[in-house]
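Asker: Provide a 3D model corresponding to the input given below.
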Amino acid sequence: MKWTTPADLKAQVRKLWDRGLLLASLAGGEALFPRRLTLKSPDSRGLSERFPEVREWIAQLCSAAGFYRIEWRSVNHRVLGANEIPAAIWIDTLEEALGLIGKRRAADQFATLVELTRKKQPELVPWLAKRPLRALELSEDWPRLLEIVTWVLKHPRPAIYLRQIDLPGVHTKFIEGHRGVLAELLDLVLPGEAIDATHTGIGGFCRRYGFLDKPLRVRFRVLDRNIRLPAVESDQDITLTQASFASLDLPASKVFITENEINFLAFPDVPDAMVIFGAGYGFDNLAAAPWLHQRGIYYWGDIDTHGFAILNQLRGFFPHAVSFLMDLHTLLAHRSLWGVEKQPETGTLARLNSEESALYDQLRRNHWGDRVRLEQERIGFGFLHDVLRGL
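Answerer: Next up is the predicted model:
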């Protein structure tokens, strides 16, 4: 059996550091000391058969004993007589633990963050105890983060752009780069009425806390020459804000959505139809247009696992959406143009129909080869025209 070495003891304490427990104790977390470390020591047989090695092992433990306390026990051996060997290893204080792993300076830095937070925003001390290593990574930026939290507390739901927050050393890119941690902090200190819980994640930061956000936009083309928008000449490639698009109520019964810009620009004329340039994952810009629920929606994405995942997400907003050129016939007809999907989706997609679900399963299980995909831009326009005529 391998006996515990000073390196093993150090590794045990390092695990406490890596779990954040040592730093958390400085912010009101669990008290850890005195703490008994795991010790594997020689048994009676090892003591008699490997006595020189036992002496060397004891010497090694003693050499680092400035950072821990050795508890001894007497062993009477019929051949070797009475001997003292380590029975337990104790670390009595946090200072000793930090010294053993060389983390005293980092701990002092964290203690400074805790002291500052107790003065500025004491409600955030529990966050430091919960995420101490993340806080240590943010130590240089922490004072500015506290200033932002203080400002938002004084100006709940301010209805201004982030750019308009006027604090020394704070700029838009700083706030945008720290939206994730700021969201965690603001959720802890703001009253419930100052938080719009319907908006989550980094993309929903502004709306969650009442800042103005860049308006979502919708880019589309009208495919029927008989449908003209007022004040728009021959070029029907139009981009509108989400609100303006929602108020249009265009007289087109068919709406195509494609993820490829060239496909969007070259999409052929289709009577009573329009095409929207998609945005991959995320359809918030379309969800506010109630008139789309009364239109036939045809989604054209890549034939790969992510293409079906995006279709699945779209159906969360528009359950009646139909997949377009995303079927087995299209895939097999373009075998020579297949590519490789870098990081396939593997989750369950509950909104696919039976045919789509079967194709998705075949793709994610590599039925035709390793991570097969057919990008939408590889499909010939003759093939596209044929399918459009069949709608």
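Asker: What are the contacting residues of stretch 379-391?
Answerer: Stretch 379-391 is contacted from outside by 254, 266, 268, 270, 298, 324, 325, 330, 333, 334, using C-beta atoms under 8 Å, 6 or more residues apart in numbering. Using the backbone N, CA and C atoms, a C-beta is placed for each residue, glycine as well.
Asker: Next step: these restricted to helices.
Answerer: Counting by DSSP state H, these place 266, 330, 333 in helices.
Asker: Turn the contacts of stretch 379-391 into CSV, including neighbour count, pLDDT and distance to residue 340.
Answerer: Below are those laid out as CSV (neighbours: other C-beta atoms under 10 Å; pLDDT from 0 to 100; distance: C-beta to C-beta, whole Å):
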residue, neighbour count, pLDDT, distance to residue 340
254, 19, 96, 33
266, 14, 91, 25
268, 11, 92, 29
270, 19, 94, 32
298, 22, 97, 27
324, 21, 94, 23
325, 23, 95, 20
330, 19, 94, 18
333, 14, 93, 19
334, 17, 94, 15
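Asker: can you map out the strands along the stretch 101-250 of the chain?
Answerer: Remark: strands assigned in the stretch 101-250 of the chain by DSSP state E, counting those that start in this stretch are 217-222, 237-241.
Asker: quick one, which of the ones you listed is nearest to residue 193?
Answerer: Proximity to residue 193 (C-beta to C-beta) singles out strand 237-241 among the strands of the stretch 101-250 of the chain, at 27.7 Å.
Asker: Low-confidence bits of the stretch 51-200 of the chain, can you list those?
Answerer: Low-confidence segments of the stretch 51-200 of the chain (pLDDT under 70): 77-82.
Asker: lowest-confidence stretch among the strands of the stretch 101-250 of the chain?
Answerer: The minimum mean pLDDT among the strands of the stretch 101-250 of the chain belongs to strand 237-241 (a mean of 89).
Asker: residues in contact with that one?
Answerer: So strand 237-241 is in contact with 215, 216, 217, 218, 219, 220, 221, 222, 229, 232, 248, 265, going by C-beta under 8 Å, 6+ apart.
Asker: Over to stretch 293-307?
Answerer: The contact list for stretch 293-307 (C-beta under 8 Å, 6+ apart) reads 252-259, 263, 278, 308, 310-311, 314, 318, 320-326, 330-331, 341, 344-346, 359-360, 363-364, 371-376, 391.
Asker: Give me the distance between residue 302 and residue 33.
Answerer: 57 Å (C-beta to C-beta, to the nearest Å).
Asker: that older thread, dump the ones in helices among the contacts of stretch 379-391 to CSV, plus distance to residue 158.
Answerer: Formatted as CSV, those follow (distance: C-beta to C-beta, whole Å):
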residue, distance to residue 158
266, 44
330, 50
333, 55
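Asker: before we move on, back to that, neighbour count says what about the contacts of stretch 293-307? Which are buried?
Answerer: 252, 254-259, 263, 278, 308, 310-311, 314, 318, 321-326, 330-331, 341, 344-345, 359-360, 363-364, 371-376 (16 or more other C-beta atoms under 10 Å).
Asker: Restricted to helices, list these.
Answerer: 263, 308, 310, 311, 314, 330, 331, 359, 360, 363, 364.
Asker: could you pull out the strands for the stretch 251-391 of the chain?
Answerer: 254-258, 273-277, 296-300, 322-323, 339-340, 372-373.
Asker: Residue 167 is in contact with residue 151, isn't it?
Answerer: Yes: using C-beta atoms under 8 Å, residue 167 makes contact with residue 151 at a distance of 6.0 Å.
Asker: what touches both of those two?
Answerer: With the criterion set as C-beta under 8 Å, 6+ apart, the contacts of residue 167 and residue 151 do not overlap.
Asker: okay, now the closest residue to residue 350 other than its chain neighbours: neighbour count?
Answerer: The shortest distance from residue 350 to any non-neighbouring residue, by C-beta to C-beta, 6 or more residues apart in numbering, is to residue 312 (7.3 Å). Neighbourhood size, residue 312 [other C-beta atoms under 10 Å]: 20.
Asker: Which one of the strands of the stretch 101-250 of the chain lies nearest to residue 47?
Answerer: Of all the strands of the stretch 101-250 of the chain, strand 217-222 sits nearest to residue 47, with 78.2 Å by C-beta to C-beta.
Asker: what comes into contact with the closest one?
Answerer: Here strand 217-222 makes contact (C-beta under 8 Å, 6+ apart) with 228-229, 236-242, 245, 250, 252, 264-265, 267, 274-277, 285-286, 289.
Asker: same thing but 6 Å
Answerer: 236, 237, 238, 239, 240, 241, 245, 274, 275, 276, 277, 285 (C-beta atoms under 6 Å, 6 or more residues apart in numbering).
Asker: measure the fourth one to residue 254 for me?
Answerer: Residue 239 sits at a distance of 20 Å from residue 254 (criterion: C-beta to C-beta).
Asker: Same question for the third one.
Answerer: Here the distance between residue 238 and residue 254 works out to 17 Å (C-beta to C-beta).
Asker: swap in the fifth one?
Answerer: Residue 240 is 19 Å from residue 254, where distance means C-beta to C-beta.
Asker: quick revisit: compare residue 302 and residue 33 and say which is more crowded by neighbours.
Answerer: residue 302 (22 against 14).
Asker: how about the residue nearest to residue 339 when sequence neighbours are not counted, what does it touch?
Answerer: Nearest non-adjacent residue to residue 339, counting by C-beta to C-beta, 6+ apart: residue 373, 5.2 Å away. By C-beta under 6 Å, 6+ apart, the contact list for residue 373 reads 302, 304, 339, 341.
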